[in-house]
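Student: need a structure here:
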Amino acid sequence: MNLTKAILRNPVPYENPERSTEISIDDVNVKKQEEFRPGGIKSERGKRKYIHNTIAHISKAHAGKYVLNGTGTKNVLLFLTAFLFHNDLIGDRIQFFTDGHKILNDSIFNWFSWSGNIGVILDWYHLEKKCKEQLSLALKGRFIRNEILDNLKPLLWYGLIDEAVGHLEAIDKDSIKQVEKLDKLIAYLKRNKPYIPCYAVRKELGLCNSSAIGEKMNDLVVSSRQKHNGMSWSKAG
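Tutor: Coordinates of the predicted model:
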């Protein structure tokens, strides 16, 4: 296989950092508190309810970094649009970094359907994690899984999705425990092909490969105050 030609076939473009706005976006669910408790009496609790929270970390070369937080993806994308227009960033490429969640990616493209210069990069950590988890479920034992994973990861790192899919489809049937889990991973790679770049080239160019900063902001702004110390949020609060 000619690696250079294979890399050049990857459809994901490379952005110019000077002419792009990087946005790492992440979701988190926090426990919902009751808005009102008549008479100070605690109402009977049923199934625990949650509030959907979204964080967007915005980074622009030589212009600083910002964090937006809101109840749900739609609200944050609305805030983000206002931010981009207010700061005259609409002419830039809008480059998103996500964990690959289909609903989140679809929401981004639907919301910015008017923009002709938008892209999504699937975070490398989540891609690697997804493959490891699905192969653990699909294959018979960690030794087989690790062997397949060791061969798969370089293909993914260089953005060779067709080759990665071919490698998974060629796994010996005697090594497979749950074929439906393997099929799910193959479908995942095919579905996310437009968002899986050549991570190796991006690293050499100094471009971002991760949405980790968005998750870090989620930890600092939301999770650290909500998920581990018994607190809850309401929309009013």
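
Student: which residues sit against the strand or helix carrying E180?
Tutor: Counting by DSSP states H and E, the element that carries E180 is helix 179-191. For helix 179-191, the external contacting residues (Cβ atoms under 8 Å, 6 or more residues apart in numbering) are 100, 102, 130-131, 134-135, 137-139, 161, 164-165, 168-169, 171, 176, 196. (C-beta placed from N, C-alpha, C; glycine too.)

Student: out of everything not next to it in sequence, what's closest to the residue nearest the centre of the chain?
Tutor: Nearest to the mean C-alpha position of the chain, counting by Cα atoms, centre = their mean, stands D99 at 1.5 Å. Distances taken as Cβ to Cβ, 6 or more residues apart in numbering put H126 closest to D99, at 4.4 Å, once the chain neighbours are dropped.

Student: how about the one you found, what does it touch?
Tutor: With Cβ under 8 Å, 6+ apart, H126 has these contacts: 99-100, 211.

Student: would you list those in CSV and tack on pLDDT?
Tutor: Shown next, in CSV, are those (pLDDT from 0 to 100):
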residue, pLDDT
D99, 89
G100, 88
S211, 77
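
Student: out of the residues you listed, which one sits closest to P17?
Tutor: P17 has its nearest neighbour among these in S211, at 16.4 Å by Cβ to Cβ.

Student: wait, isn't the closest one in contact with D27?
Tutor: No: at 11.1 Å, S211 does not count as touching D27 under the criterion of Cβ atoms under 8 Å.

Student: So between the two, which is more surrounded?
Tutor: Taking neighbours as other Cβ atoms under 10 Å, S211 and D27 compare with S211 leading, 26 against 20.

Student: who touches the helix or strand containing F85?
Tutor: Per DSSP H and E, F85 falls inside helix 73-86. Under the criterion Cβ under 8 Å, 6+ apart, residues 21, 23, 25, 27, 52, 54-56, 58, 66, 68-70, 89-90, 94, 103-104, 107-108, 111-112 lie in contact with helix 73-86.

Student: Identify those among these that sit within strands.
Tutor: Residues of those located in strands (DSSP state E): 21, 23, 25, 27, 52, 54-56, 58, 66, 68-70, 94.

Student: export those residues to JSON lines and tack on distance to A6 and pLDDT?
Tutor: Shown next, in JSON lines, are the ones in strands among the contacts of helix 73-86 (distance: Cβ to Cβ, whole Å; pLDDT from 0 to 100):
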{"residue": "T21", "distance to A6": "30", "pLDDT": "94"}
{"residue": "I23", "distance to A6": "29", "pLDDT": "94"}
{"residue": "I25", "distance to A6": "30", "pLDDT": "90"}
{"residue": "D27", "distance to A6": "34", "pLDDT": "79"}
{"residue": "H52", "distance to A6": "39", "pLDDT": "74"}
{"residue": "T54", "distance to A6": "36", "pLDDT": "88"}
{"residue": "I55", "distance to A6": "36", "pLDDT": "87"}
{"residue": "A56", "distance to A6": "34", "pLDDT": "91"}
{"residue": "I58", "distance to A6": "33", "pLDDT": "93"}
{"residue": "Y66", "distance to A6": "38", "pLDDT": "90"}
{"residue": "L68", "distance to A6": "38", "pLDDT": "90"}
{"residue": "N69", "distance to A6": "40", "pLDDT": "86"}
{"residue": "G70", "distance to A6": "41", "pLDDT": "84"}
{"residue": "I94", "distance to A6": "28", "pLDDT": "95"}
